[in-house]
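Chemist: Following is a predicted model, sequence given first.
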Amino acid sequence: MDIKVVSKKKNSLLKRQEVHFQVEHNQTGSTPPRLETRKAVAKALKIDVDLVFVKKLETKTGTHTAVGLANVYDSVEQARFVEPEYITKRNVPAEKPEEQKGE
């Protein structure tokens, strides 16, 4: 999976950068999972993965190229304050439910 940052825009009011990116996913064939994309964007920008929130990710029809939008915050507290709850939930790993123990 190859990440290419298309553009970065600083939003001083919300204390974040809005990053547009492209993902080449010839190896997998399908659109890569949001969590893997989040880690790849963080690695490409050389920042902590907790500061990156992938807002949009879609594959263009008939290609192996996905385009997306990620918000990169200055701090985790600012991200929790600004990002909607549904975006925050999409960008954290799902917790595995504990198995019921027999009584």
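Modeler: Everything's here; your move. Numbers count the residues shown, from 1 in each chain.
Chemist: which residues of the protein fall in strands?
Modeler: In the chain, the segments counted as strands under DSSP state E are 2-11, 16-24, 52-59, 65-73.
Chemist: what ranges of this structure fall below the confidence cut-off?
Modeler: Applying pLDDT under 70 to the chain flags the ranges 96-103.
Chemist: Kindly recompute the last result at 90.
Modeler: When residues are selected by pLDDT under 90, those of the chain lie in 1-2, 24-32, 60-64, 91-103.
Chemist: I'd like the distance from the longest helix along it to the chain centre, please.
Modeler: Counting by DSSP state H, the longest helix found in the chain is helix 34-45. Relative to the chain's own centre, helix 34-45 is displaced by 6 Å; criterion: CA atoms, centre = their mean, to the nearest Å.
Chemist: Pull it out as CSV, backbone CA atoms only.
Modeler: Taking C-alpha atoms only, helix 34-45 is exported to CSV below (Å, rounded to 0.1, in the frame of the first residue of the first chain):
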residue,chain,number,x,y,z
ARG,A,34,-9.4,2.6,7.7
LEU,A,35,-7.1,1.6,10.6
GLU,A,36,-4.3,0.5,8.2
THR,A,37,-4.7,3.6,6.2
ARG,A,38,-4.6,5.7,9.4
LYS,A,39,-1.3,4.1,10.4
ALA,A,40,0.1,4.6,6.9
VAL,A,41,-0.8,8.3,6.8
ALA,A,42,0.8,8.7,10.3
LYS,A,43,3.9,7.0,9.1
ALA,A,44,4.1,9.1,5.9
LEU,A,45,3.7,12.3,7.9
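Chemist: Good, we can wrap up now.
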